[in-house]
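J.: Dropping the sequence and predicted coords here.
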Amino acid sequence: MHILYEVKDSIATLTLNRPEVANAQNAALLDELDAAWTRAAEDPDVKVIVVRAEGKHFSAGHDLKDRWPGPDEITLEWIYRAENRRYLEYTLRWRNTPKPSIAAVQGRCIAGGLMLCWPCDLIVAAEDALFSDPVVTMGIGGVEYHGHTWELGPRKAKEILFTGRPLTAEEAERVGMVNQVVPRAELDTATRELAERIAAMPAFGLRQAKRAVNQTLDVQGFYAAVQSVFDIHQTGHGNALSVSGYPILAKLDEMKEKLR
């Protein structure tokens with residue numbers, strides 16, 4: 001199993017469990033994670049959801065060595081449908097789950113890794129956490145779920161995308177993307193303490209508070225923008241398809257190998 005699931009004291013803990021590959025996300029991991037989110041959302045005994053990861057790194061992003069079953073000839077239409085399901089639909093569903101959620105992030109959180117922590121309501125980061133989206137290296141303007149502008153503000157979002165450099169935990173806290181930064185050894189304890197404090201609140205009040213904030217963001221354009229930028233992302237794939245074999249994938253695979 002790629003996802004470990006535990007419920008204790010009204011808190012469901014969803015643990016990414018592929019540490020041998022820096023928790024890179026293959027199709028099976030994403031499907032299991034979505035099932036775990038759904039399970040926690042539907043369990044009346046669960047009031048808070050925690051997403052964490054085993055190993056040195058939170059997630060190295062999408063597993064580029066994982067080739068989903070597909071047609072002999074990969075087309076933009078096939079890519080669009082496949083990514084719409086496992087990337088955009090999953091991520092928005094997690095974001096809109098009507099229970100408070102917390103991501104505990106350590107080590108590297110790369111590209112698709114952002115799509116696992118950004119949908120959570122709160123983020124607790126270890127001091128060694130580094131957040132990055134180097135997808136521009138592939139000729140694509142960022143990962144499928146464009147939380148960048150909302151999480152970082154427009155100028156910081158552009159800097160991180162244009163340069164591909166990682167954002168430190170301290171920087172992420174300073175711009176409001178991260179709620180707390182703690183020593184690595186205290187990450188699980190600090191996250192648990194925060195989850196327990198939230199779990200002590202009335203469930204309906206928590207649900208309504210989350211809806212109020214998310215609905216406000218949607219009125220400001222969040223939902224429409226995420227949908228629109230997903231289409232922009234697909235133009236990057238269209239451009240890459242014109243270069244036989246996606247040669248840049250080999251370079252990104254090499255970068256991720258260094259994390260293992």
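T.: Nice, thanks for sending it over.

J.: use CA for all of it now, contacts and neighbours both
T.: OK.

J.: List the contacts of A24.
T.: Contacts for A24 (Cα atoms under 8 Å, 6 or more residues apart in numbering) come out as 18, 59-63.

J.: Quick check: phi and psi on it?
T.: Per-residue torsions, A24: phi -60, psi 140 (degrees, to the nearest 10).

J.: And stretch 12-23, end to end?
T.: From its first residue to its last, stretch 12-23 covers 19 Å (Cα to Cα, to the nearest Å).

J.: what about this protein, any weak spots by pLDDT?
T.: The model of the chain has pLDDT under 70 over residues 67-72, 243-260.

J.: any idea where the strands of it begin and end?
T.: 3-8, 11-16, 48-53, 101-105, 108-110, 122-126, 130-132, 167-168, 180-182 (DSSP state E).

J.: if we can go back for a sec, out of the contacts of A24, who has the most neighbours?
T.: Among the contacts of A24, the one with the most neighbours (other Cα atoms under 10 Å) is S59, at 34 neighbours.

J.: That one: what's it in contact with?
T.: Contacts of S59 by Cα under 8 Å, 6+ apart are 22-25, 53, 108-110, 112-113.

J.: hmm, try it at 7 Å
T.: Residues counted as contacts of S59 (Cα atoms under 7 Å, 6 or more residues apart in numbering) are 22-24, 108-110, 113.

J.: Same check on C109?
T.: Here C109 is in contact with 57-60, 130-132 (Cα under 7 Å, 6+ apart).

J.: Can you name the residues bridging to it?
T.: C109 has the following beta-bridge partners by DSSP bridges: S59, F131.

J.: before we move on, back to that, would you mind writing the ChimeraX command to select the buried ones in the contacts of C109?
T.: Remark: buried members of those, expressed as a ChimeraX selection using 16 or more other Cα atoms under 10 Å:
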select :57,58,59,60,130,131,132
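
J.: Using TSV, lay out the contacts of C109 together with distance to F222.
T.: Shown next, in TSV, are those (distance: Cα to Cα, whole Å):
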residue	distance to F222
H57	29
F58	25
S59	25
A60	26
L130	24
F131	21
S132	21
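
J.: All the helices of this protein, in order from the start?
T.: 27-42, 76-83, 90-96, 114-117, 148-152, 154-163, 169-174, 187-199, 203-219, 222-241, 248-257 (DSSP state H).

J.: For V48, which of the ones you listed is the nearest?
T.: Between V48 and those, the shortest gap by Cα to Cα is with helix 187-199, which sits at 6.1 Å.

J.: how about the closest one: buried residues?
T.: 187-188, 190-192, 194-196, 198-199.

J.: Would you quantify the distance from R108 to L14?
T.: Distance of R108 to L14, given as Cα to Cα: 18 Å.

J.: Is the nearest residue to L33 once chain neighbours are set aside bridged to anything, and to what?
T.: Spatial nearest neighbour of L33, excluding adjacent residues (Cα to Cα, 6 or more residues apart in numbering): I3 at 6.2 Å. Beta-bridge partners recorded for I3 (DSSP bridges): L16.

J.: contacting residues around I3?
T.: Contacts for I3 (Cα under 7 Å, 6+ apart) come out as 14-17, 29, 32-33.

J.: Could you identify which of those has the most neighbours?
T.: Using other Cα under 10 Å as the neighbour criterion, L16 leads those with 26 neighbours.

J.: That one contacts V50, doesn't it?
T.: No - using Cα atoms under 7 Å, L16 is not in contact with V50; the gap is 11.0 Å.

J.: count of neighbours near the nearest residue to R18 once chain neighbours are set aside?
T.: In this structure, R18 finds its nearest non-sequential neighbour in H2, 6.0 Å apart by Cα to Cα, 6+ apart. Close neighbours of H2, defined as other Cα under 10 Å, add up to 18.

J.: now E171
T.: Residues lying near E171 (other Cα under 10 Å) number 15.
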